[in-house]
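Q: Sequence first, predicted coordinates after that:
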Amino acid sequence: MIDAAELSISELREIDLLDPNTFVDYDLTSLWRSLRHQSPIFRHPHGFWVLTRYADVVAAYKDPRFGSDGGNVLSTLMAGGDSAAGAMLAVTDGPRHRRLRTALVDALRPRTMNALAEPLRARTGELVRAMTSGRPFDFATEIAERLPMGTICDLMGIPAGDRADLLEWNKQALSSDIAGTTEADAQLARGEILLYLSDLVQERRERAGTDVVTELVAHRPEDGEPLSDEEIVYNCYSLLIGGDESSRMSAVCGVLAFCERPEAWRRVRDGEVGVDSTVEEILRWTTPAMHVGRRARAEAEVGGHRIAEGDIVTLWNSSADRDETVFPSPETFDPARRPNRHLAFGYGPHFCVGAQLGRLELRILLEALRESVTEMTLAGKPRRIYSNFLYGYSTLPVVFT
Ligand code: HEM
């Protein structure tokens, strides 16, 4: 079914998915729908494959012929690979990936999560209550920015005085609202984070704490080697990067969705709709990690197309999560939606290790908002971040009453 609002194949070929501007300028709903309907296994003019249907994206996530060790986002794959391959969870496959994943899953076990919940609840409640005076404020910087980073820093035992620098580097490393920020700026910021973490690992080797870094330093697998310093640094980096931005963007997009739909907020606020299904719908609606990337290790046939060994394949979660064959009325934000098997956290062997924490943060935010906020309204134009990987907004002016 092709509707009049869809783009033609030649128009689709004009769209540059490498360019962050595309994601700010375009109506993405129409772009993804056009691709799903007309060319679900699309060969982008820059030579990579674009998968947009839910079923194809899930199949590719599960397919061991599509590896992550060449990089798991389009920009690094196009640049020739990720320097952390084989050491950082997200860009490592096979037995090495299982070894790192066991260490991280162990370090992030439920007991650790429970210990994080109380300080997070207190911090969230305080921040939300401070903003209910009816004056306009920026939800993105004054609330959302302070939550996930605070939690991930608690998790890693990072001192309060160092957190502002880390947040700034993190923003530069992944997302930016400043068009024209170069890859060199991003690399510089990544370097700063890695240096900081390297010092932190040394400190924990000398003096154990009660945090995840200490757990990774002390990890002794039954079979196989303990983690090296390099592996710990890269995986702490992974926690920082993975733990901050995506959670932050979900919170911002969730509040924006409610500002634009007062009736949806009323239903959640009055308890007509549960918090758990609301969390899942915010995740589906936002899908902060718009794509993941893979490289074909072997020739593969997908949907009648021959994908050659070495080809880059992109899996567009943001399109799969709006696939009308899986989600009825996908363009409706429905906090009561069930089932809701979205792909916001990915799927398969690399499924997000922080999913439990991401969900907890959103749940605690919603509970705090339900307690204190009767109405939320937009007080200005939100500004989109500048990225072809991460979806969200860097500013969200609102009024809470
Ligand atoms: C993996 C999204 C929160 C750490 C992933 C992947 C996605 C994702 C899509 C799969 C990447 C791939 O297949 O290549 C999200 C979203 C979050 C979130 C939407 C919040 C709403 C977190 C948090 C942490 C975290 C809080 C840290 C505590 C990681 C790590 C991986 C990962 C380390 C790599 C897992 C592996 O390769 O085995 N995340 N994430 N994420 N995420 Fe998250």
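A: Sure, I can see it. Numbering: from 1, shown residues only.
Q: How about stretch 254-264, which residues are buried there?
A: Under the neighbour-count criterion of 16 or more other CB atoms under 10 Å, stretch 254-264 has 254-259, 264 buried. All C-beta atoms are positioned from the backbone trio N, CA, C, and that covers glycine.
Q: ok, residue 139 - contacts?
A: 131, 252, 255, 396-398 (CB atoms under 8 Å, 6 or more residues apart in numbering).
Q: wait, residue 59
A: Per CB under 8 Å, 6+ apart, neighbours of residue 59: residue 302.
Q: end to end, how far does stretch 140-160 reach?
A: 20 Å (CA to CA, to the nearest Å).
Q: roughly how far apart are the spatially closest residue to residue 16 that is not a sequence neighbour and residue 245?
A: Leaving aside its sequence neighbours, residue 16 sits nearest to residue 22 (CB to CB, 6 or more residues apart in numbering; 5.5 Å). For residue 22, the distance to residue 245 equals 19 Å [CB to CB, to the nearest Å].
Q: Which one's more surrounded, those two?
A: residue 245 (24 against 14; other CB atoms under 10 Å).
Q: how much space between the more buried one and residue 308?
A: 33 Å.
Q: wait, doesn't residue 197 sit right on residue 236?
A: Yes - contact criterion CB atoms under 8 Å: residue 197 and residue 236 qualify, at 4.9 Å.
Q: Those two: which is more packed in?
A: residue 236 (29 against 23).
Q: Which helix or strand contains that one?
A: Residue 236 belongs to helix 229-260 when assigned by DSSP states H and E.
Q: ok, residue 165 to residue 153 distance?
A: Residue 165 sits 11 Å away from residue 153, going by CB to CB.
Q: quick one: which of the two has more around it?
A: More crowded of residue 165 and residue 153, by other CB under 10 Å: residue 153, with 20 against 12.
Q: Nearest spatial neighbour of the more buried one, chain-adjacent residues omitted?
A: residue 163 (5.1 Å).
Q: So what's the residue count around the one you found?
A: By the criterion of other CB under 10 Å, residue 163 has 16 neighbours.
Q: got a list of what it touches?
A: By CB under 8 Å, 6+ apart, the neighbours of residue 163 are 149-150, 153.
Q: near the ligand, which of these show up?
A: Near the ligand, judged by CB under 6 Å from any ligand atom, there are no entries from these.
Q: Looking at those residues, which is nearest the ligand?
A: The nearest member of the contacts of residue 163 to the ligand, counting by CB to the nearest ligand atom, is residue 149 at 10.4 Å.
Q: tell me which element the residue lying closest to residue 169 once chain neighbours are set aside falls in.
A: Closest residue to residue 169 in three dimensions, ignoring its sequence neighbours and counting by CB to CB, 6+ apart: residue 189, at 4.2 Å. Element membership for residue 189 (DSSP H and E) is helix 183-206.
Q: so that helix versus helix 229-260, what angle?
A: 120 degrees (axes from the mean of the first three to the mean of the last three CA atoms, to 10 degrees).
Q: What are the buried residues along helix 183-206?
A: Buried, per 16+ other CB under 10 Å, within helix 183-206: 186, 189-190, 192-194, 196-198, 200-201, 204.
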